[in-house]
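A.B. asks: prediction below, plus the sequence it came from.
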Amino acid sequence: MKRVFSGIQPTGEIHIGNYVGAIRNWVHLMEEYDCIFSVVDYHAITIDYEISVLGKRCIETAMILIASGLSPEKCNIFIQSHVPEHTELAWIFNCVTPVGDLERMTQFKEKAKQHRGNINMGLMDYPVLQAADILIYKAGYVPVGEDQIQHIELSREVARKFNARFGRLFPEPEAIMSIAPRILGVDGVSKMSKSMNNYIGLLEDKNIIWEKLRTAVTDVNRVRRSDKGNPDLCNIYTIHRAFSSEDVLLEIDKGCRSAGIGCIDCKKKLFENMMVELDPIRERAIYLRENIDYVHDGIRKGAINCRAIAKKTMEEVREALGLLP
Ligand code: AMP
Ligand code: TRP
């Protein structure tokens, strides 16, 4: 059975971009593949963070993955730092990765701009640790949003370089993208992101979600209700694509282009369809918060299973490198 690996950072509130761009795909893949999903705390510490909340955030993130439909019985869910072999492999990968490749990474350049006072080695090395996350399990598929494509490309490069120097040990992993690999924020300008105040939280209160949707930017050329709109230029339509049926999409497309429906009606329909999917997730989250031991047990089991695989890969790696047993 082919193996799937993906990760999510415990850096803030999980939003609908994370959900439709990645997590929802993970839930589908879980049924057919040997899946491993990690809450990547070692990645999260590459930027400034609050020490006292990191652990809570990790549990909260694992809880949301389970509330979204992942089952610790059907896949492995674990906290990255509970399998320290990831960082050991990352060191070895450091020794085959050209510095220039890392300096060119879009995410590194963006984060270096955002965190001028803390451009640390970990921030630059982030994609190498990500390659180690994937390759330590020899995963062939990596379901992610569009912003991670460059990092997966680097993972392939790392696998190629390692294999060429030390013998073929690793596959070249392929990215899998969802139907909504890039959702913009409610500002309609930049990518929906935890670090920007432009997201709709997966577990946010219904009234707040509606307020955010109601005021969200649509096609900026449609100023009056009587103006004809263009769904191709509208982020609300992009989100519709992730939550609404083909029939609804056709109806909205037609109505928008002919000014038959207004933006508020379109948003109301979206809100309705979103809630059909988010309501049960919110209910499961309430249940899990009260039964948090289930989450703790799940990630404990996940770490034990993953550590066994990771240890075996590291034995092969050490032998390939000529390190003393
Ligand atoms: P992160 O929160 O950066 O750890 O991202 C977790 C997953 O969500 C990754 O696979 C990202 O590519 C994906 N993701 C994050 N933001 C978005 C977005 N705005 N649209 C689609 N996917 C996203
Ligand atoms: N960098 C990813 C993100 O920000 C998270 C991540 C870490 C990841 N390791 C991974 C994703 C391995 C896929 C595979 O979203």
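C.D. replies: Yep, that arrived. Ligands and ions are numbered 1, 2, ... in the order given.
A.B. asks: check whether the longest helix along the chain contacts ligand 2.
C.D. replies: Counting residues, the longest helix found in the chain (DSSP state H) is helix 292-321. No: using CB under 6 Å from any ligand atom, helix 292-321 stays clear of ligand 2, coming no nearer than 12.7 Å. C-beta coordinates here come from the backbone N, C-alpha and C atoms, glycine included.
A.B. asks: report the distance from that helix to the chain centre.
C.D. replies: Using CA atoms, centre = their mean, to the nearest Å, the mean C-alpha position of helix 292-321 is found 21 Å from that of the whole chain.
A.B. asks: how about the backbone phi and psi for H115?
C.D. replies: Backbone torsions for H115, taken as degrees, to the nearest 10, come to phi -120, psi 50.
A.B. asks: for the stretch 51-200 of the chain, what spans make up the strands?
C.D. replies: Here the stretch 51-200 of the chain has its strands, by DSSP state E, counting those that start in this stretch, at 76-79, 141-143, 174-176.
A.B. asks: these: which one's closest to ligand 1?
C.D. replies: Nearest of these to ligand 1, taken as CB to the nearest ligand atom: strand 141-143 at 7.2 Å.
A.B. asks: bridging residues for V39?
C.D. replies: Legend: beta-bridge partners of V39 under DSSP bridges are I8, I79.
A.B. asks: surely it touches I8?
C.D. replies: Yes: at 6.2 Å, V39 counts as touching I8 under the criterion of CB atoms under 8 Å.
A.B. asks: overlap of the contact sets of those two?
C.D. replies: Residues within reach of V39 and of I8 at once, by CB atoms under 8 Å, 6 or more residues apart in numbering, are T61, L65.
A.B. asks: so these two - more neighbours on which side?
C.D. replies: Taking neighbours as other CB atoms under 10 Å, V39 and I8 compare with V39 leading, 26 against 21.
A.B. asks: in contact with that one, which residues?
C.D. replies: So V39 contacts 7-10, 58, 61-62, 65, 77-80, 299 (CB under 8 Å, 6+ apart).
A.B. asks: that older thread, and the longest helix of the chain, which residues are buried?
C.D. replies: 295, 298-299, 302-303, 305-306, 309-310, 313-314, 317, 320 (16 or more other CB atoms under 10 Å).
A.B. asks: before we move on, back to that, would you turn the strands of the stretch 51-200 of the chain into TSV with mean neighbour count and distance to L89?
C.D. replies: Formatted as TSV, those follow (neighbours: other CB atoms under 10 Å; distance: least, CB to CB, whole Å):
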stretch	mean neighbour count	distance to L89
strand 76-79	24	16
strand 141-143	23	16
strand 174-176	17	20
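A.B. asks: out of those strands, which is closest to I200?
C.D. replies: Closest to I200 of the strands of the stretch 51-200 of the chain, according to CB to CB: strand 141-143, at 20.9 Å.
A.B. asks: which helices and strands does that closest one pack with?
C.D. replies: strand 3-8, helix 24-30, strand 174-176 (3 or more CB pairs under 8 Å, 6 or more residues apart in numbering; DSSP states H and E).
A.B. asks: name the pair among the contacts of V39 with the greatest separation in space.
C.D. replies: Pairwise over the contacts of V39, using CB to CB, the maximum falls at Q9 and I299, 15.5 Å.
A.B. asks: tell me which parts of the protein are close to ligand 2?
C.D. replies: Contact residues (CB under 6 Å from any ligand atom) of the chain with ligand 2: 5-9, 40, 43, 130, 133-134, 142, 144, 148, 151.
A.B. asks: ok so, going back, mean neighbour count, the helices and strands packed on strand 141-143: which tops it?
C.D. replies: strand 3-8 (a mean of 22; mean count of other CB atoms under 10 Å).
A.B. asks: sounds good, over and out.
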